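J.: this is a predicted model, with the sequence first.
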Amino acid sequence: MRWFLLALLSTTGAVIVCCCLVALLVRSRVHRHHRVDPRVDTPAPLTWLADPRTPARLHRRLARVGRLSERVAAEHRPVRRFARRAPEPPPLVELATSLRARAVELDAQLARVALLAPAARRRPLGQLHAATAELEATSRQLAELSAAVLAPPVLATELEGTAALAARLDHLAQAHRELLEIDERNGLATTPRAGLATGGR
């Protein structure tokens, strides 16, 4: 009986610890998803994750800009390998970092504006909406530029080779059509001979 109780307590304790770990992991993921910059606390309440009102929607859009900027920066950030000094970050990393910092600033302004009365916050919200749309357009351009930079040169060479092959096939098809037209003008047969079509029988 004693061993059974000990095993039951051990199992219960292990389940409780696992549940706590899962809850902490989920909480960390939620906070990370909620922030514009994972390393910077946001003044936006957690209810803005699903709030349909304008400030919450703008916050979620800014959070998407921050995640996209972080992804681009992570893809292009140089790796420090056996060097005393970290290598200089490329321009794309600096641009992504600046874009994320601007999104963090707008998010802080948005949280302050959301505390105002509805009539007083109408104009600031319009300005924040325009600034957020501009940041989104810049982030899309940044993502397109990042994809172009990361495109493997082998793929570009293969595409060029495929285009050249298609051009050669077009030239061959055009030459074949011109030969058929010449044969027709000269009164030559344009269909295979019966002997060839029947295998010479």
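T.: Cool, the structure landed.
J.: got any ranges where the chain has weak pLDDT?
T.: 4-5, 8, 19-33, 80-87, 152-166, 168-169, 172, 176, 182-183, 185-201 (pLDDT under 70).
J.: would you list every one of the helices in it?
T.: 2-34, 54-76, 91-113, 118-150, 153-185, 194-197 (DSSP state H).
J.: list the buried residues of the second one.
T.: So that's helix 54-76. 54-56, 58-63, 65-70, 72-73, 76 (16 or more other C-beta atoms under 10 Å). All C-beta spots, glycine's among them, are computed from the backbone N, C-alpha and C.
J.: still on that earlier bit, and the helices of the chain as CSV, adding distance to Thr42?
T.: Below are those laid out as CSV (distance: least, C-beta to C-beta, whole Å):
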stretch, distance to Thr42
helix 2-34, 6
helix 54-76, 8
helix 91-113, 6
helix 118-150, 15
helix 153-185, 39
helix 194-197, 78
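J.: and these: which comes nearest Trp48?
T.: helix 54-76 (3.8 Å; C-beta to C-beta).
J.: tell me what angle that closest one forms with helix 118-150.
T.: 20 degrees (axes from the mean of the first three to the mean of the last three C-alpha atoms, to 10 degrees).
J.: re the thing from before, between the helices of the chain, which one is closest to Leu46.
T.: That would be helix 2-34 among these, by C-beta to C-beta, at 6.3 Å.
J.: the closest residue to Arg121 other than its chain neighbours: neighbour count?
T.: Setting aside the residues directly before and after it, Arg121 is nearest to Val113 in space (C-beta to C-beta, 6 or more residues apart in numbering), at 4.9 Å. Counted by other C-beta atoms under 10 Å, the residues lying close to Val113 total 19.
J.: out of the helices of the chain, flag the one nearest Asp41.
T.: Nearest of the helices of the chain (C-beta to C-beta): helix 2-34, 8.6 Å.
J.: sorry, back to before: out of the helices of the chain, which comes closest to Val40?
T.: Closest among these, using C-beta to C-beta: helix 91-113, at 5.5 Å.
J.: alpha carbons of that closest one, as PDB, please.
T.: Provided in PDB are the C-alpha atoms of helix 91-113 (Å, rounded to 0.1, in the frame of the first residue of the first chain):
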ATOM      1  CA  PRO A  91      22.500  46.900 -44.900                       C
ATOM      2  CA  LEU A  92      19.500  44.600 -44.900                       C
ATOM      3  CA  VAL A  93      20.000  43.800 -41.200                       C
ATOM      4  CA  GLU A  94      20.300  47.500 -40.300                       C
ATOM      5  CA  LEU A  95      17.100  48.300 -42.300                       C
ATOM      6  CA  ALA A  96      15.200  45.500 -40.700                       C
ATOM      7  CA  THR A  97      16.300  46.600 -37.200                       C
ATOM      8  CA  SER A  98      15.300  50.200 -37.900                       C
ATOM      9  CA  LEU A  99      12.000  49.000 -39.200                       C
ATOM     10  CA  ARG A 100      11.300  46.900 -36.100                       C
ATOM     11  CA  ALA A 101      12.400  49.800 -33.800                       C
ATOM     12  CA  ARG A 102      10.000  52.100 -35.600                       C
ATOM     13  CA  ALA A 103       7.200  49.600 -35.200                       C
ATOM     14  CA  VAL A 104       7.900  49.400 -31.400                       C
ATOM     15  CA  GLU A 105       7.700  53.200 -31.200                       C
ATOM     16  CA  LEU A 106       4.300  53.200 -33.000                       C
ATOM     17  CA  ASP A 107       3.100  50.500 -30.700                       C
ATOM     18  CA  ALA A 108       3.900  52.500 -27.600                       C
ATOM     19  CA  GLN A 109       2.100  55.500 -29.000                       C
ATOM     20  CA  LEU A 110      -0.800  53.400 -29.900                       C
ATOM     21  CA  ALA A 111      -1.200  52.100 -26.300                       C
ATOM     22  CA  ARG A 112      -1.200  55.700 -25.000                       C
ATOM     23  CA  VAL A 113      -3.700  56.900 -27.600                       C
END
